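Colleague: got a predicted structure plus its sequence, pasted below:
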Amino acid sequence: MAERQIIEPDMDFVREVEGLGGDTLKKCFQCATCSVVCNLTPEKKPFPRKEMIWASWGLKERLLSDPDVWLCHQCNDCSTYCPRGAKPGDTLAAVRNYSFMHYASPQFLGKALGKATYLPLLLAFPVILLLFLMGITGHLNIPEGEIVFAKFIPHTIVDPVFMAVSILVVISIVRGISRFWNGLKVGVHPLNSQNIISGGDFVKLHVIPILVEILKHSRFKKCERSSFRYLAHLLIFYGFIALAAVTGMIFLGTYLLGTELPLSMYNPVNILANLGALSLFIGCTIVISNRLKEKEDKSRSAYFDWVFIIMVYLVTISGILTEVTRLERFAVLAYWLYFIHLVLVFYLLAYLPFSKFAHLVYRTVAMVYASYAQREVELL
Ligand code: SF4
Ligand code: SF4
């Protein structure tokens, strides 16, 4: 006789997933069309049909320890063909959003980030912090002469604040990833003892190929319906890499070589910064315009997704406007745009472990795990 299994649904989890964009999940009648049309699923134990039933049954632990949730790239091919309008692509995205909040700490910040009512508070924090530090150091006035942002908000304010935030973010991410990895090991696709290998081999066989795959974005290309997502994601991804490299070079240049800012327009670092900003701007424009077009379509982007892409867009636009107004010598505008830009950068950085940004880290870890557990991750 088959062993009986008692299922204890977590209804709070179901409600949370519905609130994060999976509000149609209960329409699923398990026809499996979604798993058949998905180009990214492995043949054995395919997704997303099984995740749909786990989500509607409230099987939280199972979904949180399922690497398949992260192998989905939300192309929504499945949602297009779903005969019930259950939008499995959105449900998996909602489960991923729930995962950031579950694994990152402190958890109240994750909850706050998922609700529009907390947005003013989340933005008010960096505004008050920067104004306070500028006030007590006598920097609340617009400086005379050439526009140099460090005269308005000096490095002695910006660097310690952003360094402290970066350290806290790294701690939060490392703790979250460690809990996530431990969950995966005992989850839906547990590690077979024969697969366990030493550090060097693990990196060579599972980490490097996955990193190459992510750099190439080849899995994105397999999505049929939203080919634009490949281009947009690629532009945003490389835009961020360029700007992160620029930030690192400026930081090192300032402290090790005594480089004076602002850099000339023809300085290679400045050119890279402009290319990064342009790449982000085009990528975000494609994503936002397509989401607006899809309003009545099969995918529904939750507040969580919207707030992230809009913040990235605003960071990019405020950065570009700051540069333009500086070059045109509109001092008041340039200085306050710089202030707004810093506030928005703070938002993206400080809340990174709880936002779509964390996506990149969690997806990478899940893909490495899936490869390690021999979960048929097809590398192209
Ligand atoms: S989500 Fe849609 S396509 Fe997938 S099993 Fe449910 S009803 Fe079928
Ligand atoms: S959204 Fe795309 S990748 Fe994700 S399950 Fe559906 S078809 Fe597969």
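Modeller: Okay, I see it. Quick caveat, the model's predicted, so the values are computed rather than measured. Ligands and ions are numbered 1, 2, ... in the order given.

Colleague: from the chain's centroid, how far away is stretch 68-79?
Modeller: A distance of 15 Å separates the centroid of the chain from that of stretch 68-79, by CA atoms, centre = their mean, to the nearest Å.

Colleague: counting by contacts, list what the longest helix anywhere in the chain packs against.
Modeller: Across the chain, the longest stretch assigned as helix under DSSP state H is helix 155-185. Secondary structure elements in contact with helix 155-185, counted by 3 or more CB pairs under 8 Å, 6 or more residues apart in numbering; DSSP states H and E, are helix 88-103, helix 119-136, helix 331-350, helix 358-372. Where C-beta positions appear, they are placed from N, C-alpha and C, glycine not excepted.

Colleague: out of these, nearest to L235?
Modeller: Nearest to L235, of all the helices and strands packed on helix 155-185, is helix 358-372, at 14.6 Å by CB to CB.

Colleague: buried residues in the closest one?
Modeller: Along helix 358-372, these residues count as buried under the neighbour rule (16 or more other CB atoms under 10 Å): 358-359, 361-372.

Colleague: likewise stretch 68-88?
Modeller: Of the residues in stretch 68-88, 68-82, 84, 86-88 count as buried by neighbour count, 16+ other CB under 10 Å.

Colleague: hey, which of the helices and strands packed on helix 155-185 is tucked in deepest?
Modeller: Compared across those, helix 88-103 shows the largest average neighbour count, a mean of 26 (mean count of other CB atoms under 10 Å).

Colleague: now mean pLDDT and distance to I53 too, for the helices and strands packed on helix 155-185, in JSON lines please.
Modeller: Written out in JSON lines, the entries for those read as follows (pLDDT from 0 to 100; distance: least, CB to CB, whole Å):
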{"stretch": "helix 88-103", "mean pLDDT": "91", "distance to I53": "11"}
{"stretch": "helix 119-136", "mean pLDDT": "96", "distance to I53": "34"}
{"stretch": "helix 331-350", "mean pLDDT": "96", "distance to I53": "35"}
{"stretch": "helix 358-372", "mean pLDDT": "92", "distance to I53": "20"}
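
Colleague: out of these, which gets nearest to ligand 2?
Modeller: Proximity to ligand 2, assessed across the helices and strands packed on helix 155-185 by CB to the nearest ligand atom, is greatest for helix 88-103 (3.1 Å).

Colleague: quickly note the distance from L278 to F220.
Modeller: 21 Å (CB to CB, to the nearest Å).

Colleague: neighbour-wise, which of these two wins?
Modeller: More neighbours sit around F220 than around the other of L278 and F220, counting by other CB atoms under 10 Å; the figures are 21 against 15.

Colleague: now the more buried one: closest residue in space that isn't a chain neighbour?
Modeller: Leaving out its chain neighbours, the residue that sits closest to F220 by CB to CB, 6 or more residues apart in numbering is Y230, at 4.1 Å.

Colleague: neighbours of the one you found, how many?
Modeller: Residues near Y230, counting by other CB under 10 Å, number 18.

Colleague: repeat for A277
Modeller: Burial of A277 is recorded as 20 neighbouring residues (other CB under 10 Å).
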